[in-house]
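Participant: Quick one, structure for this:
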Amino acid sequence: MNAYFIGIGGMGMSGLAKILYESGFQVAGSDRNIEGDYCVRLKNMGIKIYPQDGTGLESFMSDKKLTASEFNVVKSTAVEDTVSDVVSANRLGVNQIMRSDLLADMFNAKKGIAIGGTAGKTTTTGLVTWILKYCCKEPSCAVGGIISGLDTNAFMGRGENFVIEADESDGSIVKYNPYISVVTNVSRDHKPLEELLDLFSTFINNTEFASVLCADNKYSSVLKDKCNTEVKTYSIYSDADYKAQNLVLDMLSSRFTVNGVDFEVKMPGEHNVLNSLAAIAVCNLCGLCLSKISEALYAFPGMKRRFEMIGEANGVIVIDDFAHNPAEIEAAVIATRKASKNRFIVYQPHGFGPTNFTKNELIDVFSRLNATDEYLFLDEIFYGGGTVNKDISSKDIVDEVAKKFKNAFFVNNREDLVATIASKAKPGDIVLVMGARDINQICPQILTSITSA
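Facilitator: Modelled structure (predicted):
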């Protein structure tokens with residue numbers, strides 16, 4: 001299918017554009033930031049990217065000698081009808097499809113493995129993809145992050161499986177008909193719990209073969225009771241089909257045993273043990289033995305921006321993590337407590353709507369920080385454009401958190417933030433930078449400042 005992607009620089013959009021291009025189709029797109037990382041990756045492949053000003057579609061048609069009926073415009077729910085390229089597509093009569101529909105068509109044509117959940121699905125998708133590829137299953141993949149050892153977020157493989165990260169935030173998760181489905185966990189994020197449970201119930205009941213659920217999540221039993229297909233469970237603390245035993249957590253790795261087989265993953269924290277258990281369950285259901293899965297897991301190099309160690313300076317470790325909802329934030333903070341003296345926690349909320357929706361949960365998570373060895377810095381909320389009600393600020397959250405936790409600060413100048421952390425951080429400390437957008441740009445700056453301090 002020839003396609004023009006509006007917002008091609010997004011993680012999900014760029015992955016599908018890459019798959020179509022590598023499959024031999026004519027592909028181009030537009031973006032507000034044509035110099036962004038994923039736009040640069042696509043341009044280096046040979047994909048033309050235009051400014052998002054309404055002129056790109058006709059240029060694409062002219063460049064590739066296409067008529068309006070010979071390609072589709074692909075957009076996501078984040079692209080509003082007032083965007084210039086959408087207006088141009090309407091004027092030209094180009095058929096428009098949603099990104100989720102395109103992915104569903106690709107996915108449902110294969111033996112799909114769909115990873116859902118409100119936290120952990122990116123890492124779990126990366127783990128499943130890595131294990132299957134390591135074991136010569138040659139899967140296809142579309143994941144919301146870069147798999148470090150493969151340096152990509154999407155590809156089309158020769159094998160029968162297509163592994164995807166299934167997003168619940170826009171409700172598109174119900175479009176997939178998986179061979180195997182996974183729900184890593186359920187917590188209040190984007191939508192109320194009742195709505196999320198309905199979505200995930202529909203998702204697992206669309207499954208052909210088996211669903212994999214985390215027995216340590218309190219809502220798993222609700223989903224299991226609603227499931228009409230085979231269910232496999234995984235756990236650290238509860239009875240489960242795949243239970244981690246003899247668990248040892250280090251700063252940058254985890255070791256455990258499952259059904260008598262030893263595993264080690266180069267990722268810290270109980271949340272990553274659970275992600276690994278989910279992947280073990282899926283790949284075992286795909287016919288791989290536990291010993292081979294163990295070998296593949298040990299070789300897994302991790303995901304970019306998922307508790308990624310950016311560097312160390314004068315004994316201070318700087319970590320970049322994509323955590324952007326309360327459950328993910330709490331898991332990342334807990335992981336840093338295993339081997340650090342003091343922690344400098346930086347967070348950039350993503351979007352005014354999501355921040356408003358989870359405000360109380362964010363306040364609760366940050367209010368539980370330990371005032372003696374942890375410092376919290378909240379950057380202002382990231383604004384991604386479009387129509388939005390800017391009726392909340394990070395300062396509102398900090399003001400509430402500061403009532404219980406004195407070391408909470410609102411950031412209005414990143415240069416000052418870098419200087420403050422560099423002056424206070426000592427050997428044995430960790431700087432944890434969290435957020436879904438550009439806050440990670442300060443990570444190398446912090447390392448440089450510490451080195452020169």
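
Participant: where do the helices sit along the stretch 1-150 of the chain?
Facilitator: 11-22, 37-45, 56-64, 84-92, 99-108, 121-134 (DSSP state H, counting those that start in this stretch).

Participant: Mean neighbour count, those helices: which tops it?
Facilitator: Compared across the helices of the stretch 1-150 of the chain, helix 121-134 shows the largest average neighbour count, a mean of 28 (mean count of other C-beta atoms under 10 Å). C-beta here means a position set from N, CA and C on the backbone, and glycine is covered the same way.

Participant: Show me what that one packs onto, helices and strands only.
Facilitator: strand 111-116, strand 140-147, strand 161-165, helix 270-285, helix 290-299 (3 or more C-beta pairs under 8 Å, 6 or more residues apart in numbering; DSSP states H and E).

Participant: What are the neighbouring residues in contact with Leu288?
Facilitator: Ile131, Leu132, Cys135, Lys137 (C-beta atoms under 8 Å, 6 or more residues apart in numbering).

Participant: same deal with Ala313?
Facilitator: Ala313 makes contact with Ile446, Leu447, Thr448, Ile450, Thr451, according to C-beta under 8 Å, 6+ apart.

Participant: does the fourth one sit in a helix, a strand or a coil?
Facilitator: Under DSSP: H, G, I helix; E, B strand; the rest coil, Ile450 falls in the helix class.

Participant: Quick check, it in contact with Ser423.
Facilitator: No. Using C-beta atoms under 8 Å, Ile450 is not in contact with Ser423; the gap is 9.1 Å.

Participant: Compare neighbour counts for these two and give me the winner.
Facilitator: Ile450 (23 against 10; other C-beta atoms under 10 Å).

Participant: returning to what we had before: okay if I get the helices of the stretch 1-150 of the chain as JSON lines plus distance to Leu362 and mean pLDDT?
Facilitator: Converted to JSON lines, these look like this (distance: least, C-beta to C-beta, whole Å; pLDDT from 0 to 100):
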{"stretch": "helix 11-22", "distance to Leu362": "23", "mean pLDDT": "93"}
{"stretch": "helix 37-45", "distance to Leu362": "27", "mean pLDDT": "92"}
{"stretch": "helix 56-64", "distance to Leu362": "38", "mean pLDDT": "95"}
{"stretch": "helix 84-92", "distance to Leu362": "33", "mean pLDDT": "95"}
{"stretch": "helix 99-108", "distance to Leu362": "27", "mean pLDDT": "94"}
{"stretch": "helix 121-134", "distance to Leu362": "20", "mean pLDDT": "96"}
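
Participant: what's the nearest residue to Ile439 if we skip its chain neighbours?
Facilitator: With sequence-adjacent residues excluded and distances taken as C-beta to C-beta, 6 or more residues apart in numbering, Ile439 is closest to Gln348, at 3.6 Å.

Participant: what's the distance between the nearest residue to Ala244 once chain neighbours are set aside and Cys135?
Facilitator: Nearest non-adjacent residue to Ala244, counting by C-beta to C-beta, 6+ apart: Phe256, 4.0 Å away. Note on Phe256: its distance to Cys135, by C-beta to C-beta, to the nearest Å, is 20 Å.

Participant: One more: Phe162?
Facilitator: 16 Å.

Participant: More neighbours: the two, which one.
Facilitator: A count of neighbours by other C-beta under 10 Å puts Phe162 above the other of Phe162 and Cys135, at 26 against 18.

Participant: hang on, the earlier thing: can you pull the phi/psi pair for the residue nearest to Ile439?
Facilitator: phi -110, psi 110 (degrees, to the nearest 10).

Participant: What is the burial count for it?
Facilitator: Neighbour tally, Gln348, other C-beta under 10 Å: 23.

Participant: Confirm for me that it is in contact with Gln441.
Facilitator: No. Between Gln348 and Gln441 there is no contact under C-beta under 8 Å: 10.1 Å.

Participant: would you list the helices of the stretch 1-150 of the chain in JSON lines and tack on distance to Val388?
Facilitator: Output for the helices of the stretch 1-150 of the chain, formatted as JSON lines (distance: least, C-beta to C-beta, whole Å):
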{"stretch": "helix 11-22", "distance to Val388": "20"}
{"stretch": "helix 37-45", "distance to Val388": "23"}
{"stretch": "helix 56-64", "distance to Val388": "24"}
{"stretch": "helix 84-92", "distance to Val388": "18"}
{"stretch": "helix 99-108", "distance to Val388": "20"}
{"stretch": "helix 121-134", "distance to Val388": "24"}
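
Participant: The helices and strands packed on helix 121-134: which one's closest to Met1?
Facilitator: strand 140-147 (15.1 Å; C-beta to C-beta).

Participant: Tell me which other helices or strands the closest one touches.
Facilitator: helix 11-22, helix 99-108, helix 121-134, strand 152-155, strand 161-165.

Participant: please redo it, this time with the cut-off set to 6 Å
Facilitator: Counting contacts by 3 or more C-beta pairs under 6 Å, 6 or more residues apart in numbering; DSSP states H and E, strand 140-147 packs against helix 121-134, strand 152-155, strand 161-165.

Participant: Local confidence estimate at Ile430?
Facilitator: Looking at Ile430, its pLDDT reads 92.

Participant: Excluding chain neighbours, what is closest to it?
Facilitator: With sequence-adjacent residues excluded and distances taken as C-beta to C-beta, 6+ apart, Ile430 is closest to Ser340, at 4.1 Å.

Participant: Roughly how far does the one you found sit from Phe307?
Facilitator: 13 Å.

Participant: and what of Ile293?
Facilitator: Applying C-beta to C-beta to Ile293 and Phe307 gives a distance of 21 Å.

Participant: show me what contacts the residue nearest the centre of the chain?
Facilitator: Centroid-nearest residue in the chain, with C-alpha atoms, centre = their mean: Thr122, separated by 4.2 Å. By C-beta atoms under 6 Å, 6 or more residues apart in numbering, the contact list for Thr122 reads Gly144, Gly145, Glu165.

Participant: Out of the residues you listed, who's the most crowded?
Facilitator: Most surrounded of the contacts of Thr122: other C-beta under 10 Å gives Glu165, at 26 neighbours.

Participant: how about the nearest residue to that one, chain neighbours excluded?
Facilitator: Per C-beta to C-beta, 6+ apart, closest to Glu165 is Thr125, 4.4 Å.

Participant: The stretch 151-300 of the chain: helices as residue ranges?
Facilitator: For the stretch 151-300 of the chain, the helices defined by DSSP H, counting those that start in this stretch occupy 193-205, 220-226, 270-285, 290-299.

Participant: Now distance to Phe410 and mean pLDDT too, for those helices, in JSON lines please.
Facilitator: Shown next, in JSON lines, are these (distance: least, C-beta to C-beta, whole Å; pLDDT from 0 to 100):
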{"stretch": "helix 193-205", "distance to Phe410": "29", "mean pLDDT": "90"}
{"stretch": "helix 220-226", "distance to Phe410": "37", "mean pLDDT": "85"}
{"stretch": "helix 270-285", "distance to Phe410": "27", "mean pLDDT": "96"}
{"stretch": "helix 290-299", "distance to Phe410": "40", "mean pLDDT": "97"}
